[in-house]
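In: Here is my input, please return the structure:
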Amino acid sequence: MRDELFHLRHDGESTLQAQLRQMLVSAILQGQIPKGEPLPSCRRLAQILSVARNTVTLAYQDLAADGFLIARERRGYFVNEEILEGRASGITAAPAHDTGAPDWDSRFQVTPSRQRNIVKPQNWQSYPYPFIYGQFDPALFPIADWRQCSRQALSVEAVRDWASDSFTEDDPLLVEQIRTRLLPRRGIRVSPDEILVTVGAQHALYLLASLLMGAETTIGFEDPGYVDARNIFALKTDRIRPLPVDAQGMVADDALDGCDYVYVTPSHQFPTTATMTLERRMALLDRARRADFIVIEDDYDSEINHVGSPTAALKSIDASGRVIFLASLSKTLAPGLRLGYMVGPKALIAEMRALRRLMLRHPPTNNQRTLATFLALGHHDSLIRRLSHAYRDRWEVMRTALERHLPTCSFHRVTGGTAYWVAGPPGLDTALVAQEAAKRGVLIEPGAVHFMSKAPSHYFRLGFSSIPVNRIESGLSILGEIIDACSKP
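Out: Next up is the predicted model:
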């Protein structure tokens with residue numbers, strides 16, 4: 001057997017034994033190991049791969065126990081031919097001819113790929129100065145706590161609870177933790193049948209758009225605003241009305257009249273991070289009653305506050321049941337977790353649950369149980385405290401560095417959130433700034449994508465959730481040089 005068939009990456013992402021097993025399984029299932037020919041001896045394969053002989057021995061024994069290999073005394077290990085039974089033989093399809101290929105473009109009812117979206121490099125962690133929003137700092141992730149909860153979710157008793165099909169239902173333990181731990185922090189008190197677990201906030205928005213919105217629906221939307229929400233609503237209607245935003249959040253004026261739904265981010269307006277005042281919140285709810293529209297409150301990072309306590313949710317002061325509340329764990333735990341929740345009237349949640357069943361039944365219940373345990377043991381509360389201290393330090397350092405290194409720019413002096421919304425000199429092309437900055441290891445987000453029309457080019461956003469505090473000063477120093485260079489005629 002050819003020695004070059006076997007190789008390992010030694011990349012540290014998984015154990016050598018796990019990598020060896022994966023390599024051997026792939027070679028067996030792809031038919032690369034000839035039938036009837038023994039695998040290299042444990043000693044020989046260990047020499048080829050530069051690993052301990054015991055590593056190979058354990059991998060062989062493991063594969064034999066799982067039926068991939070057969071051990072024959074004094075002859076070695078052979079591929080178990082039964083493992084390949086029932087697999088279709090490889091047949092190469094004939095090349096498609098242009099005349100017979102379907103015209104997919106003509107079949108698309110919508111084209112989401114053509115919408116404007118926020119673009120972030122997949123390898124953003126390799127940049128020394130990632131001022132991007134919505135990502136997390138691996139150094140702040142509670143790995144040990146999450147592992148502990150994952151192990152508990154894999155106990156025999158827990159697996160019996162979550163491994164079966166739950167159809168439309170969520171993990172009752174997670175629902176109870178959301179109801180008793182998360183929502184009271186926002187001033188919200190509801191019953192379990194007013195809560196739906198979602199695969200992040202975008203999933204909740206898509207459910208709402210699918211159930212409540214059509215071509216004649218008018219949606220009031222913050223401008224600038226959250227582009228993903230705007231794109232989801234745009235799949236259903238083109239009647240999206242821009243609503244102005246100032247230092248106190250979305251303006252609650254006559255432009256709201258005639259709307260069927262109003263999407264708002266009151267805790268920290270997206271992307272400016274301005275906090276809506278209590279007076280304006282009351283005015284919004286009053287207009288919702290008088291003009292008969294529904295408010296969709298996206299509470300995406302309310303927990304992150306640097307001055308004073310977080311403001312109570314709009315939902316907590318809603319006396320007429322007109323606010324639908326959305327939240328997720330993306331900003332406090334990890335965006336890859338993809339777990340969020342929706343709070344609304346029982347009748348709405350019941351229909352949302354039925355609609356969700358047609359999409360994915362329910363979010364994976366093993367992840368729900370892990371998160372429920374994480375919340376129940378108080379790990380999330382501890383994490384919020386750690387994040388608050390870490391983000392406050394970064395918020396203060398960035399504010400000082402912005403004033404020092406970007407004197408031609410202005411920014412909101414916000415009290416919470418994990419980003420600064422910055423206005424460069426008039427005429428500055430922040431798309432060009434972003435390109436030049438990336439060449440020097442600095443990632444920023446141009447702001448034009450957040451505007452609905454007549455997008456100004458001189459706004460940009462600087463996130464600080466994923467950059468270490470000791471890199472903020474030097475990163476903004478480089479950015480200041482680039483803005484100066486791009487501002488010259």
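In: only C-alpha atoms for contact and neighbour calcs from this point on.
Out: Fine.
In: Bridged to Ile240, which residues?
Out: Counting by DSSP bridges, Ile240 is bridged to Ile219.
In: what about it, distance to Pro456?
Out: 19 Å (Cα to Cα, to the nearest Å).
In: do Tyr133 as well
Out: 20 Å.
In: Straight-line length of stretch 157-176, end to end?
Out: Stretch 157-176 end-to-end distance (Cα to Cα) = 19 Å.
In: And that stretch, what's buried?
Out: Buried positions in stretch 157-176, judged by neighbour count with 16 or more other Cα atoms under 10 Å: Asp161, Trp162, Ser166, Thr168, Glu169, Asp170, Asp171, Leu173, Leu174, Val175, Glu176.
In: Quick one: residues in contact with that stretch.
Out: 152-153, 192, 195-197, 353-354, 356-357, 361-363, 365-366, 368-369, 371-373 (Cα atoms under 8 Å, 6 or more residues apart in numbering).
In: Now find how far off-centre it is within its chain.
Out: 23 Å (Cα atoms, centre = their mean, to the nearest Å).
In: any idea of the mean pLDDT for it?
Out: Average pLDDT, stretch 157-176: 89.
In: Would you map the helices across the stretch 251-400 of the chain?
Out: In the stretch 251-400 of the chain, the helices defined using DSSP state H, counting those that start in this stretch lie at 278-291, 346-359, 365-376, 379-405.
In: Gln248 and Thr275, how far apart?
Out: For Gln248 relative to Thr275 (Cα to Cα), the value is 6 Å.
In: Looking at these two, which has the bigger crowd around it?
Out: Counted by other Cα atoms under 10 Å, Gln248 and Thr275 do not tie: Thr275 has more neighbours, with 24 against 17.
In: gap between that one and Arg413?
Out: 11 Å.
In: Glu81 now?
Out: Glu81 is 68 Å from Arg413, where distance means Cα to Cα.
In: What of Gln435?
Out: Gln435 is 26 Å from Arg413, by Cα to Cα.
In: And Ser113, by the same measure?
Out: From Ser113 to Arg413 the distance is 35 Å (Cα to Cα).
In: which of these two has more neighbours?
Out: When neighbours are counted by other Cα under 10 Å, Ser113 and Arg413 differ, and Arg413 comes out ahead with 13 against 7.
In: So the more buried one belongs to a strand, correct?
Out: No: under the criterion used here (DSSP: H, G, I helix; E, B strand; the rest coil), Arg413 is coil, not part of a strand.
In: Where does Lys236 sit: helix, strand or coil?
Out: Here Lys236 is recorded as coil under three-state DSSP.
In: Once you drop chain neighbours, what's closest to it?
Out: Spatially, and ignoring its direct neighbours in sequence, Lys236 is nearest to Gly214 (5.3 Å; Cα to Cα, 6 or more residues apart in numbering).
In: and that neighbour, what element?
Out: Gly214 belongs to no helix or strand when assigned by DSSP states H and E.
In: and it, how far is that from Thr237?
Out: Shown here: Gly214 relative to Thr237, a distance of 6 Å by Cα to Cα.
In: Which residue ranges of the stretch 51-200 of the chain form strands?
Out: With DSSP state E, counting those that start in this stretch as the criterion, the stretch 51-200 of the chain has strands at 69-72, 76-79, 129-130, 195-198.
In: Setting aside sequence neighbours, what's the nearest residue to Gly441?
Out: Excluding its sequence neighbours, the residue lying closest to Gly441 (Cα to Cα, 6+ apart) is Tyr127, at 5.1 Å.
In: Any regions of the stretch 251-400 of the chain where pLDDT drops low?
Out: The model of the stretch 251-400 of the chain has pLDDT under 70 over residues 308.
In: Pick the most deeply packed of the helices of the stretch 251-400 of the chain.
Out: Ranked by mean neighbour count, the helices of the stretch 251-400 of the chain are led by helix 365-376 with a mean of 22 (mean count of other Cα atoms under 10 Å).
In: domain parsing for this structure?
Out: Domain ranges of the chain: 3-84, 117-134+382-487, 143-377, per automatic domain parsing.
In: Tabulate the ones you listed (TSV), appending distance to Arg107.
Out: Below are those laid out as TSV (distance: least, Cα to Cα, whole Å):
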stretch	distance to Arg107
domain 3-84	36
domain 117-134+382-487	23
domain 143-377	15
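In: Could you point out which of those domains sits nearest Ala101?
Out: In terms of Cα to Cα, the element of these nearest to Ala101 is domain 143-377, at 26.8 Å.
In: Endpoints of the closest one, how far apart?
Out: Across domain 143-377, the terminal residues are separated by 14 Å (Cα to Cα).
In: Just send the buried residues of stretch 157-176 back as TSV, with distance to Leu207 too.
Out: Output for the buried residues of stretch 157-176, formatted as TSV (distance: Cα to Cα, whole Å):
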residue	distance to Leu207
Asp161	27
Trp162	24
Ser166	19
Thr168	14
Glu169	16
Asp170	16
Asp171	19
Leu173	23
Leu174	20
Val175	19
Glu176	22
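In: Let's see which of the residues you listed end up in helices.
Out: Those of these mapping onto helices are Asp161, Trp162, Leu173, Leu174, Val175, Glu176, per DSSP state H.
In: Which member of these is positioned nearest His389?
Out: Closest approach between these and His389, by Cα to Cα: Leu174, at 26.8 Å.
In: Okay, the closest one and Ser457: tell me how far apart.
Out: Leu174 is 43 Å from Ser457, by Cα to Cα.
In: Val307 now?
Out: Distance of Val307 to Ser457, given as Cα to Cα: 30 Å.
In: Which one's more surrounded, these two?
Out: Ser457 (21 against 10).
In: Distance of the spatially closest residue to Gly340 that is not a sequence neighbour relative to Thr57?
Out: Take Gly340 and drop its neighbours on the chain: the residue closest to it by Cα to Cα, 6+ apart is Ser328, 3.6 Å away. When Cα to Cα is the yardstick, Ser328 and Thr57 sit 45 Å from each other.
In: circling back: which of the domains of the chain sits closest to Ser106?
Out: Nearest of these to Ser106, taken as Cα to Cα: domain 143-377 at 16.8 Å.
In: rewinding a little: between Ser328 and Thr57, who's got more neighbours?
Out: Counted by other Cα under 10 Å, Ser328 and Thr57 do not tie: Ser328 has more neighbours, with 26 against 16.
In: Surely the more buried one touches Val197?
Out: No: contact criterion Cα atoms under 8 Å: Ser328 and Val197 do not qualify, at 9.3 Å.
In: what residues are shared contacts of these two?
Out: Joint contacts of Ser328 and Val197 (Cα under 8 Å, 6+ apart) are Leu339, Gly340, Tyr341.
In: can you put the residues you listed in TSV and add neighbour count and distance to Ala18?
Out: What follows is the shared contacts of Ser328 and Val197, written out as TSV (neighbours: other Cα atoms under 10 Å; distance: Cα to Cα, whole Å):
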residue	neighbour count	distance to Ala18
Leu339	23	29
Gly340	22	33
Tyr341	20	36
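In: Please give me every residue in contact with the residue nearest to Glu37 when sequence neighbours are not counted.
Out: Of all residues not flanking Glu37 in the chain, Phe78 sits nearest, at 6.6 Å (Cα to Cα, 6+ apart). With contacts defined as Cα under 8 Å, 6+ apart, Phe78 is in contact with Lys35, Gly36, Glu37, Pro38, Leu39, Leu69, Ile70, Ala71, Arg72.
In: For stretch 124-131, buried residues please.
Out: Buried residues in stretch 124-131, counting neighbours by 16+ other Cα under 10 Å, are found at Trp124, Tyr127, Pro128, Tyr129, Pro130, Phe131.
In: same thing with stretch 28-44?
Out: Neighbour-count burial for stretch 28-44, with 16+ other Cα under 10 Å as criterion, is recorded at Ile28, Ile33, Pro38, Leu39, Pro40, Ser41, Cys42.
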